[in-house]
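S.K.: Sharing a model prediction with you, sequence too.
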Amino acid sequence: LRRGEGMSQENKVVSNGGNSHTEHSRQKTAEDLQYEERIETVGTEIKSVVIKRVQTARSRSQVVLYQIDVKTGHADWTTFKRYNAFYAFHTQLQKDFKKCGLPKFPPRHSKILTDHFDRYFIEKRRADLEQYMVNLLKIPGMANQEHMLKFLGVK
């Protein structure tokens with residue numbers, strides 16, 4: 001939000017059989033203005049997120065990457081994230097949206113007790129992460145929320 005912006009008022013001219021008058025609707029809040037600015041940046045809001053595939057990759061050690069297919073009304077793209085990136089994203093949302101009713105995040109599992117490269121474990125986690133993202137998008141305004149846009153590679 002830029003300095004000096006706060007609330008603006010929407011006006012519309014209504015014509016009724018030759019009699020025109022101006023109707024005042026509710027005042028726009030700073031949140032409304034931020035939302036409109038995000039819509040302009042993205043072109044539209046995020047319509048869907050699907051995690052269909054998983055890849056293992058080697059960096060210093062072997063890691064699991066979740067392929068996230070993102071769709072808006074104007075563009076489609078793919079990004080890859082590790083479970084830890086999802087966890088950090090969720091932790092940030094928890095800090096900023098305590099009262100928002102965030103969906104349950106898939107639990108962490110100790111690498112000592114759980115084989116993180118077991119195909120059943122990976123598939124269950126993939127499905128749980130996908131459901132988490134789908135449920136997040138059901139929250140009003142979340143499809144254009146700044147953390148969501150950054151996480152999915154829009155900003």
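M.R.: Looks like it arrived, so ask away.

S.K.: buried residues in the lengthiest helix in the chain?
M.R.: Scanning the chain for the helix with the most residues, using DSSP state H, yields helix 119-137. Neighbour-count burial for helix 119-137 flags 122, 125, 126, 128, 129, 130, 132, 133, 136, 137 (criterion: 16 or more other Cβ atoms under 10 Å). Backbone N, C-alpha and C define where each C-beta goes, glycine included.

S.K.: same question, stretch 141-154
M.R.: 142, 143, 144, 145, 147, 148, 149, 151, 152, 154.

S.K.: just checking, what's the longest strand in the protein?
M.R.: strand 46-58 (DSSP state E).

S.K.: Counting by contacts, list what that one packs against.
M.R.: Secondary-structure packing of strand 46-58 (3 or more Cβ pairs under 8 Å, 6 or more residues apart in numbering; DSSP states H and E): strand 62-72, helix 119-137.

S.K.: coming back round to it: and the helix or strand following the longest helix of the chain, what other elements does it pack with?
M.R.: Following helix 119-137 in sequence order, the next helix or strand is helix 146-151 (DSSP states H and E). For helix 146-151, the packing partners by 3+ Cβ pairs under 8 Å, 6+ apart come out as helix 30-42, helix 83-96.

S.K.: what's the least confident stretch among those?
M.R.: Lowest mean pLDDT within those: helix 30-42, at a mean of 59.

S.K.: in the protein, which segments are predicted with low confidence?
M.R.: Along the chain, the parts satisfying pLDDT under 70 run over 1-26, 28, 31-44, 59, 155.

S.K.: Please report how far the closest residue to residue 86 other than its chain neighbours lies from residue 154.
M.R.: Computed as Cβ to Cβ, 6 or more residues apart in numbering, the closest residue to residue 86 that is not its neighbour in sequence is residue 129, at 5.7 Å. As for residue 129, its distance to residue 154 is 18 Å (criterion: Cβ to Cβ, to the nearest Å).

S.K.: and if you look at residue 103?
M.R.: Residue 103 is 20 Å from residue 154, where distance means Cβ to Cβ.

S.K.: cool, and residue 97?
M.R.: 18 Å.

S.K.: Before I go, just wanted to say thanks for your time.
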